[in-house]
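Student: The amino acid sequence is not available; the structure is as follows:
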């Protein structure tokens, strides 16, 4: 486009053709300054676009001495732990912790940045591993256990209760469910459970604000268990899928059970 504008600016006239026949000749005398202005504007816009266009995002790297924390839960009897990818991204040293027990060293197996999932492994066999259920029902009760704000809140874990408020996430994202159970920073990667103790989702995020400026109340999201199952199976982890459908538990029993398989994930 710039080259053609430059050619026009130096021409004395242009011919107008219709169906191969010349029907008019237009004079360009006095138009040179206008074309030069257009050319200058195009060059400035091209330079500005080149400066503003971001390159590929660099992977997050934690600064020396920095610790990232979140929540995770055991998904195999061999000691695999599922969490969010953003919790462990950029780390090289991993630990999982439970109240009253020493920290356990973990190793990174795989991550999925698109679906925000990651799996670690430990050398500690697990007797209690929750089944992953692919069915989340609109309106059903949902229970969340995790380690939010552990430097301020109880380091022994926190338990909240809500409901499944939508079977899709923000923007109709079918990979997620929306829940009303309160979550905070540090809950990321923890289990969202139904009344039978099955995992129906992996806590990911909370809605900060709507475009209108309204501050949402208990609008939080979890990655559906089906997405987690596909990710785990693709990486050689076979989680339990024999879901429980009878003998619903009360909140206290679910919290006690969740405490056995939920961990705080810390990495450096």
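Tutor: Sure, I can see it. None of these values were measured; they are calculated from a predicted model. Numbers count the residues shown, from 1 in each chain.

Student: Every contact and neighbour count from this point should use C-alpha atoms.
Tutor: Will do.

Student: residue ranges with poor pLDDT in the stretch 151-268 of the chain?
Tutor: Applying pLDDT under 70 to the stretch 151-268 of the chain flags residues 206-213, 215.

Student: All the helices of it, in order from the start?
Tutor: Secondary structure of the stretch 151-268 of the chain (DSSP state H, counting those that start in this stretch): helices at 225-234, 251-261.

Student: Which parts of the stretch 51-200 of the chain are strands?
Tutor: 68-74, 80-83, 94-97, 104-112, 117-121, 141-146, 158-166, 176-179, 191-193, 199-206 (DSSP state E, counting those that start in this stretch).

Student: Could you dump the ones you listed into a markdown table with distance to residue 224 added?
Tutor: Shown next, in a markdown table, are the strands of the stretch 51-200 of the chain (distance: least, Cα to Cα, whole Å):
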| stretch | distance to residue 224 |
| --- | --- |
| strand 68-74 | 15 |
| strand 80-83 | 13 |
| strand 94-97 | 23 |
| strand 104-112 | 14 |
| strand 117-121 | 11 |
| strand 141-146 | 13 |
| strand 158-166 | 12 |
| strand 176-179 | 5 |
| strand 191-193 | 9 |
| strand 199-206 | 4 |
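
Student: residue nearest the centroid of this structure?
Tutor: residue 116 (4.3 Å; Cα atoms, centre = their mean).

Student: Next one: that one from residue 83, what distance?
Tutor: In this view, residue 116 and residue 83 are 8 Å apart by Cα to Cα, to the nearest Å.

Student: Residue 240: how many residues sit nearby?
Tutor: Residues lying near residue 240 (other Cα atoms under 10 Å) number 16.

Student: What sits closest to it if chain neighbours are left out?
Tutor: Excluding its sequence neighbours, the residue lying closest to residue 240 (Cα to Cα, 6 or more residues apart in numbering) is residue 131, at 4.6 Å.

Student: how many other residues sit next to that neighbour?
Tutor: Residues lying near residue 131 (other Cα under 10 Å) number 21.

Student: same deal with residue 143?
Tutor: 27.

Student: who's it bridged to?
Tutor: Counting by DSSP bridges, residue 143 is bridged to residue 161, residue 193.

Student: so it makes contact with residue 161?
Tutor: Yes: counting by Cα atoms under 8 Å, residue 143 touches residue 161, with 4.7 Å between them.

Student: Identify the contacts common to the two.
Tutor: Listed contacts common to residue 143 and residue 161 are 181, 251; contacts here mean Cα atoms under 8 Å, 6 or more residues apart in numbering.

Student: Touching, residue 125 and residue 79? I think so.
Tutor: Yes: if you go by Cα under 8 Å, residue 125 and residue 79 touch, sitting 5.0 Å apart.

Student: Give the residue from these two that has the larger number of neighbours.
Tutor: Comparing residue 125 with residue 79 by other Cα under 10 Å, the one with more neighbours is residue 79, at 20 against 12.

Student: Could you report the pLDDT at the more buried one?
Tutor: We have a pLDDT of 96 for residue 79.

Student: ok, so what distance separates it from residue 203?
Tutor: 20 Å.

Student: Ok, residue 224 next?
Tutor: 9 Å.

Student: same deal with residue 140?
Tutor: 16 Å.

Student: the more surrounded of the two?
Tutor: Set residue 140 next to residue 203 and count neighbours by other Cα under 10 Å: residue 203 wins out with 30 against 13.
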